[in-house]
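Visitor: Here is a sequence with its predicted model. Questions after.
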Amino acid sequence: EVQLGVGAFGVGLFQQTVRTNTYPWSKIVKISFKRKQFFLQLKPEPVGFQKSADAILNFTLSSTLTSKLLWKSCIEHHTFFRLVSPPAPVSKPLFAFGSRFRYSGRTEYQTLEEMKRRTRMQRPFTRLCCLL
C-alpha cells in the first residue's frame, strides 16, 4: 500500500512516511482517471539513441470520488505552479466527452507579477528610545 501526495514539486509516492519516488511536473505528460484507476503518463526517458515508450503509472484508489479529487488536485497544482496563465476556455459542442473542469484562478507567476507591480505604501513611524 502506497500513498500519493500532490505539491509544488509534482506528485510524490510515499510508503508509510518515507517518500520513495517523486514525479516532477516537468516529466508528467498526462493526468487522467477512470473510475477507481488514476493514471500518470510520464515523458519517455532517452536511452542511447533510442526513445523508450511513455511510462504510464496506474494507481488503484479506494473510490471513484477519491480518484476524481486526486485528479482535480493535480490539475489545479500543475496549472498554478507550472503555467504562466490558465488556458483559455474552449467552447465545446452540446454533447462532448471528457471533463469540463478547468482551473480558473491566478497562477503563481501571475501572483508574483502582480506583487512586483504594486508599490508598498510607506507608513510613517517614530522610533522610541527604550530605557532599561
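Guide: Yep, it's here. Residues are numbered from 1 along each chain as shown.
Visitor: hey, let's count contacts and neighbours off CA atoms from now on
Guide: Fine.
Visitor: okay, and for the protein, where does confidence drop off?
Guide: Low-confidence segments of the chain (pLDDT under 70): 48-53, 83-104, 120-121, 131-132.
Visitor: At which residues are the strands of this protein located?
Guide: Taking DSSP state E as the test, the strands found in the chain are 3-6, 10-15, 18-24, 28-34, 37-42, 46-47, 50-51, 55-60.
Visitor: For residue 108, find the nearest of those.
Guide: Residue 108 lies closest to strand 10-15 among the strands of the chain, at 14.6 Å (CA to CA).
Visitor: In contact with the residue nearest to residue 28 when sequence neighbours are not counted, which residues?
Guide: In this structure, residue 28 finds its nearest non-sequential neighbour in residue 42, 4.5 Å apart by CA to CA, 6 or more residues apart in numbering. Neighbouring residues of residue 42 by CA atoms under 8 Å, 6 or more residues apart in numbering: 27-30, 54-57.
Visitor: still on that earlier bit, specify the stretch among the strands of the chain that is closest to residue 81.
Guide: Residue 81 lies closest, by CA to CA, to one member of the strands of the chain: strand 10-15, at 9.2 Å.
Visitor: Check the offset of that closest one from the chain's centre.
Guide: Mean-position distance between strand 10-15 and its chain equals 13 Å (CA atoms, centre = their mean, to the nearest Å).
Visitor: what about the closest residue to residue 80 other than its chain neighbours, neighbour count?
Guide: Closest residue in space to residue 80, ignoring its immediate chain neighbours: residue 107 at 4.2 Å, by CA to CA, 6+ apart. Using other CA atoms under 10 Å, residue 107 has 21 other residues around it.
Visitor: Next, residue 107: phi, psi?
Guide: Residue 107 adopts backbone torsions of phi -90, psi 170, taken as degrees, to the nearest 10.
Visitor: Can you tell me how far it is from residue 37?
Guide: For residue 107, the distance to residue 37 (CA to CA, to the nearest Å) stands at 28 Å.
Visitor: for residue 69, same thing?
Guide: Look at residue 69 and residue 37: by CA to CA, they are 12 Å apart.
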